[in-house]
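>>> kindly return the folded structure for what I paste below:
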Amino acid sequence: MKKLITVLFIAAFAFIQYGCSAYDAMKNAQRLQFKLGSVSGLSVGGVDLSKVSSLSNINPLDMLKLTSSFASGKLPASFTLNVLAKNPNDGTGGTTSASATIKSLDWRLLIDNKETIGGSISNPIEIPGIGQTTTIPVAISLDLLEFFKNEGITNLIGMATGFGGSSGSPARLTLKIKPTIDTFLGGISPGEISVIDKEFRSQ
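Model prediction:
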């Protein structure tokens, strides 16, 4: 009888410990924070616009190239959207000090609140638990005319340089992400997070 009680006590203790560890794993995953950083490498219609602040700064030859691309019915754009990730699980404020590994990250891009393309990053991303930010580059390629058919070339170039030009900011962009965090329980997703440039956000 004493042996049975001992076994039951050990089993109950192990169950409680496992439950606490599972809870901690979920909470640590939910504490990860994300914010939009810079936009780099903006190219539209084969023209580098990353150093352009406005339409008036585009030289005539590049403007001709952009106009020709627009007239063809396509205006391909590519850029890198740098997402900043912060892991507050640094051992302060009652948190457990722990690094986090993002196994995969699904994303959807909104420009001026209009949904455009989506994608996924499948390479593991390590977010150290030291309170510093880690940059996650998200490579984006889309045809602006596919999603903004009613806009003229002036507005489209203004939009692009507004978020990716030399004086631009990602304020017109929102990246909806769904990270999957690697834990001893397997992959845990805290749900979809709307990432913007004004503040760090978590689930």
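
>>> so where's the protein shaky on pLDDT?
1-30, 89-97, 130-131 (pLDDT under 70).

>>> now do 80
Low-confidence regions of the chain, defined by pLDDT under 80, span residues 1-31, 89-99, 129-132, 183-186, 203.

>>> now do the contacts for the residue nearest the centre of the chain.
Closest to where the C-alpha atoms of the chain average out (Cα atoms, centre = their mean) is V83, at 4.7 Å. If a contact means Cβ atoms under 8 Å, 6 or more residues apart in numbering, then V83 has F34, K35, L36, G37, T135, I136, P137, V138, L175, I177, V195 as its contacts. Using the backbone N, CA and C atoms, a C-beta is placed for each residue, glycine as well.

>>> residue ranges of the helices in the protein, please?
Remark: helices assigned in the chain by DSSP state H are 2-31, 60-71, 144-147, 153-164.

>>> before we move on, back to that, Produce a PyMOL select command limited to the buried residues of the contacts of V83.
Per 16 or more other Cβ atoms under 10 Å, the buried members of the contacts of V83 correspond to this PyMOL selection:
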select buried, resi 34+35+36+37+136+138+175+177+195
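
>>> could you find the closest non-adjacent residue to L55?
The spatial neighbour of L55 that comes closest, neighbours along the chain excluded (Cβ to Cβ, 6 or more residues apart in numbering), is I157 at 5.4 Å.

>>> among the contacts of V83, which ones are in strands?
When DSSP state E is applied, these are split such that F34, K35, L36, G37, T135, I136, P137, V138, L175, I177, V195 fall in strands.

>>> from the contacts of V83, pick the one nearest I127.
For I127, the closest of those turns out to be I136, at 8.8 Å, with distances computed as Cβ to Cβ.

>>> for beta bridges, what are the partners of the closest one?
Taking DSSP bridges, one obtains V83 as the residues bridged to I136.

>>> go on, K176?
With beta bridges defined as DSSP bridges, K176 has these partners: R108, S194.

>>> that one contacts W107, doesn't it?
Yes. Assessed by Cβ atoms under 8 Å, K176 is found in contact with W107 at 6.7 Å.

>>> those two: who's more crowded?
The residue with more neighbours, out of K176 and W107 and counting by other Cβ atoms under 10 Å, is W107; that gives 21 against 15.

>>> which residues does that one contact?
The contact partners of W107, taken as Cβ under 8 Å, 6+ apart, are G118, G119, S120, I121, V138, L175, K176, I177, K178.

>>> look up how far A85 lies from the closest residue to T174 other than its chain neighbours.
What sits nearest to T174 in space, not counting adjacent residues and going by Cβ to Cβ, 6+ apart, is L110, at 4.2 Å. Spatial separation of L110 from A85 under the definition Cβ to Cβ, to the nearest Å is 19 Å.
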